[in-house]
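# Provide a 3D model corresponding to the input given below.
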Amino acid sequence: MTQTALYNLAPVLELMFLGLLLALGPLAWVGWRNHGRGSHAKLQALCVLTLFLTFDLVLFGAFTRLTDSGLGCPDWPGCYGSSSPIGAQLQISEAQAAMPTGPVTHGKAWVEMVHRYLATTVGVLIIAITVLSWLAAKRARRQGRPLPAGSLSPWWPTAALVWVCVQGAFGALTVTMKLFPAIVTLHLLGGTGLLALLCIPASALSLQAAGRARAAISSKLRRALWLALILLVAQVSLGGWVSTNYAVLACTTFPTCQGSWWPAMDFAQALQIWRPLGLLSDGNPISFEALTAIHYLHRMAAYVVIVVLASLWAVLRHAPALAAQRRLLGGFLVLQVLTGLSNVVLDWPLVAAVLHTGGAAALVTIVVWCLAVTQSKAEAAIEETRAGANKDALTALPEGKRLAQAELAQAVECLHE
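The predicted structure is shown next:
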């Protein structure tokens, strides 16, 4: 077998064109479903759809990792310098003949490339959201009207665009660094972070469409939401560390591990972050005691997170504006517990493992959603004062000038719609 270059940029233009072509489907669907509606409604629908497809991308990324397809194509961004496994059949067949179980097989190559296609499509959609958001902000400035409080800032989609570019870089490193656990874990965290960033503009646009401001909640509840988010991110990091080190089956019983409440563990090895898969920084194989420590640390942290999220679910009954989020939080929390247990006692079934990753990402997104659509009562009072001041200033204008400004703004809006 010949050595394959880790980076081969020959198929870049083909992959970019393919991503654009695939993105035309969601873009056309948004345009068709919102025909005759304003640009705001179309942008809102596009944000929600992109959020949904990004969640699918996170799930498929988990499927790619859990089926050991992360090296299905050993180079980046294509597959043996081709834009699809079809153009690399000879090389894939040669690799599969040498090692029939992988890492390179025809099936795994397709799984890896479909993941890359979906990632490219999401990237194109985020570019579209960013451009449309800046155009909407420019239109508002040209009409001489500031963006309403709590409305979509174009900087949020811009941040998501930068984030998805960095995420793509980590995707490349995942392949070229041969599933380096720290890189793969950061790639998983990046997907979850992208969901959070996309949730913010989707929430802002939904509030604007409903003509509602962010709900006022107590500062104590806001702090509880932030605490839950911090703990969730930490737990997702620990869960990613378990998965990328293949430490799930280090404990196959519950609530004990290997028949003990405190099995033999090596935390010093477990917390060596910068090292190759299956090895320590000195090149020696990682011990089973270290894998046990990786697993058990995630399990112990899970107890804390479950208690915090269950308490948050109970407290949210006092926030009627977050009733939908509360229901989803409770449902996904139950799902996480069930899939986590099944990963241990049922020997890591694929469906449960994928759902466990998706459930963690969903919980983070739900808590970010709660934060995005709420504000403290003190912040609400400040916004109300500012809104009153703006209204008084507008009332002070001569009637004719006010009417002329309103008619001009309406005419410009109609032209742009």
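
# what residue ranges in this structure score low on pLDDT?
1-2, 145-151, 383-417 (pLDDT under 70).

# nearest residue to residue 79 in space, please, no chain neighbours.
Nearest in space to residue 79, with sequence neighbours left out and distances taken as CB to CB, 6 or more residues apart in numbering, is residue 73 at 3.6 Å. Where you see a C-beta, it was placed from the backbone N, CA and C, and this is true even at glycine.

# so that neighbour: helix, strand or coil?
coil (DSSP: H, G, I helix; E, B strand; the rest coil).

# so what's it up against?
Counting by CB atoms under 8 Å, 6 or more residues apart in numbering, residue 73 touches 79, 80, 85, 88, 104, 109, 112, 113, 175.

# surely the fifth one meets residue 70?
If I follow you right, that is residue 104. No: taking CB atoms under 8 Å as the definition, residue 104 is not a contact partner of residue 70, at 10.9 Å.

# of these two, who's got more company?
Higher neighbour count among residue 104 and residue 70: residue 104, with 26 against 23, using other CB atoms under 10 Å.

# and the closest residue in space to that one that isn't next to it in sequence, what helix or strand is that in?
Spatial nearest neighbour of residue 104, chain neighbours left out: residue 95 (3.8 Å); criterion: CB to CB, 6+ apart. For residue 95, the element it lies in under DSSP states H and E is helix 89-98.

# for that helix, output the C-alpha coordinates as CSV.
What follows is helix 89-98, C-alpha atoms only, in CSV (Å, rounded to 0.1, in the frame of the first residue of the first chain):
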residue,chain,number,x,y,z
GLN,A,89,-12.9,2.7,-4.9
LEU,A,90,-9.5,1.2,-5.9
GLN,A,91,-7.7,2.7,-2.9
ILE,A,92,-10.5,1.8,-0.5
SER,A,93,-10.5,-1.8,-1.8
GLU,A,94,-6.8,-2.1,-1.4
ALA,A,95,-7.0,-0.8,2.2
GLN,A,96,-9.9,-3.1,3.0
ALA,A,97,-8.1,-6.1,1.6
ALA,A,98,-5.1,-5.4,3.8
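
# mind checking how far it is from the chain centre?
Centroid separation between helix 89-98 and its chain, computed with CA atoms, centre = their mean, to the nearest Å, is 34 Å.

# now stretch 111-120
With CA atoms, centre = their mean, you get 15 Å for stretch 111-120.

# surely residue 173 and residue 179 touch.
No: assessed by CB under 8 Å, residue 173 is found out of contact with residue 179, at 10.1 Å.
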